[in-house]
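Chemist: output the structure for:
(one chain, ligands or ions: 1)
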Amino acid sequence: MELKIENLRVSIGTSEIVKGVTIEVKEHKFVGLLGPNGSGKSTLLKAVYRVLKPTGGVVLMNGKDVSRIPEKDRAKDMAVVSQFNQVSFEFTVQDIVMMGRTPHKKRLERETAEDYKIVSEALKQVGMEDYSKRKFTTLSGGEKQRIILARALAQEPKLLILDEPTNHLDIKYQLQVLSIVKNLNICVLAALHDLSLASMFCDEIYMLKGGNIMGKGKPEEVITSEMIQEIYGVTASVVTDEETGQRSIHYRI
Ligand SMILES: Nc1ncnc2c1ncn2[C@@H]1O[C@H](COP(=O)(O)OP(=O)(O)OP(=O)(O)O)[C@@H](O)[C@H]1O
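Modeler: Residues are numbered from 1 along each chain as shown. Presented below is the predicted three-dimensional model:
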């Protein structure tokens, strides 16, 4: 699987929010989309997963225009973990994760033992196997987020779109969720805020500001004090740990 976003433009009302963005996610790559609040990350992702209709450009999955792929076929390949997961009915955790199997089933086909196995595996992967009978609405924000990831895992996608997948999570689960996603070894496009985590997990990073890509490259090429100053207007130094090669960012106020 490869994802290509070419010259994508998205307008809301009279404002152009995404102004001709080109992004490529090659096979098995984890690509991060970073940028300040309001820079257009969610809007761009929504146009990729077709909640919003772009005003220009094209999104290609393995060379096929996503707007021409029927929704169910698209969902066999692409799963989405977005920020807002309003569930108004009293679904159990297991019901929610089972929804991930829908694209793989024929109309009115019953869940099979294999589906239950996949659902139970997905719950185990996010450390929520003891919660399968709980009502989704009773979960904490972070627990809900892990269940939504489990639903995406049960979908067995080849491409995962994540919109700030860790915003409700404590550091243990931020690391856990990003490690799970990384180890899936599929195509990932993720809007992230944490520059250190993005450095740790992304193969490539695109920096968005005002709906334009201002920089792209490997984390060490993009997450620099100059870029942090330019994009966020914040003074910071980036330190690389000699032993682990991990980069951490020290902010100054
Ligand atoms: N439905 C809408 N109506 C009007 N403006 C909108 C709408 N949706 C988004 N916008 C505007 O588009 C801009 C980009 O929003 P978007 O949510 O894509 O940014 P973001 O980079 O994901 O931000 P954040 O980091 O805060 O989540 C913002 O200025 C926002 O106010």
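Chemist: who's the nearest residue to Y49 once chain neighbours are set aside bridged to?
Modeler: Residue nearest to Y49 in three dimensions, not counting chain neighbours: V80, with 4.8 Å by Cβ to Cβ, 6 or more residues apart in numbering. (Glycine included, C-beta is placed from N, CA and C.) When bridges are called by DSSP bridges, V80 pairs up with I161.
Chemist: Y173 belongs to a strand?
Modeler: No: secondary structure of Y173 (DSSP: H, G, I helix; E, B strand; the rest coil): helix, not part of a strand.
Chemist: pull the contacting residues for it.
Modeler: Listed by Cβ atoms under 8 Å, 6 or more residues apart in numbering, the contact set of Y173 reads 127, 142, 146, 166.
Chemist: how near is it to G217?
Modeler: Per Cβ to Cβ, to the nearest Å, Y173 is found 28 Å from G217.
Chemist: also Q155?
Modeler: Separation of Q155 from G217 (Cβ to Cβ): 30 Å.
Chemist: the more surrounded of those two?
Modeler: Q155 (24 against 14; other Cβ atoms under 10 Å).
Chemist: which parts of the stretch 101-250 of the chain are strands?
Modeler: Using DSSP state E, counting those that start in this stretch, the strands assigned to the stretch 101-250 of the chain run over residues 159-163, 187-191, 204-209, 212-217, 235-240, 247-252.
Chemist: as CSV, those strands with mean pLDDT would be great.
Modeler: Formatted as CSV, those follow (pLDDT from 0 to 100):
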stretch, mean pLDDT
strand 159-163, 97
strand 187-191, 98
strand 204-209, 98
strand 212-217, 98
strand 235-240, 94
strand 247-252, 92
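Chemist: closest one to I228 among these?
Modeler: strand 235-240 (4.5 Å; Cβ to Cβ).
Chemist: check the offset of that closest one from the chain's centre.
Modeler: Relative to its chain's centre, strand 235-240 lies at 26 Å (Cα atoms, centre = their mean, to the nearest Å).
Chemist: the inter-axis angle of it versus strand 247-252?
Modeler: 160 degrees (axes from the mean of the first three to the mean of the last three Cα atoms, to 10 degrees).
Chemist: got the contact list for strand 235-240?
Modeler: 220, 223-225, 228-229, 246-253.
Chemist: one more: stretch 80-96?
Modeler: Stretch 80-96 is contacted from outside by 42, 45, 49, 119, 123, 128, 131-137, 139, 144-145, 147-149, 151-152, 160-165, 167, using Cβ under 8 Å, 6+ apart.
Chemist: mind listing what A191 touches?
Modeler: A191 touches 32-34, 41-42, 45, 162-164, counting by Cβ under 8 Å, 6+ apart.
Chemist: hey, what's it bridged with?
Modeler: Where A191 sits in a bridge, its partners, by DSSP bridges, are L33, D163.
Chemist: so how far does stretch 64-77 reach from one end to the other?
Modeler: Chord length of stretch 64-77, first to last residue, is 12 Å (Cα to Cα, to the nearest Å).
Chemist: swap in stretch 244-253?
Modeler: Span of stretch 244-253 from end to end, Cα to Cα: 27 Å.
Chemist: how far off centre is it?
Modeler: How far stretch 244-253 lies from its chain's middle: 23 Å, per Cα atoms, centre = their mean.
Chemist: renumber starting at 285 from here on
Modeler: Right, with 285 as the first residue, what we last looked at is stretch 528-537.
Chemist: list the buried residues of it.
Modeler: 531, 533 (16 or more other Cβ atoms under 10 Å).
Chemist: for stretch 307-321, same thing?
Modeler: Using 16+ other Cβ under 10 Å as the test for burial, stretch 307-321 gives 307-309, 313-320.
Chemist: of all the residues you listed, which two lie farthest apart?
Modeler: Largest pairwise distance in the buried residues of stretch 307-321, by Cβ to Cβ, is 23.8 Å, between K313 and P320.
Chemist: what residues does this protein put near the ligand?
Modeler: By Cβ under 6 Å from any ligand atom, the residues of the chain that approach the ligand are 296-297, 301, 319, 321-327.
Chemist: perfect, that will be all.
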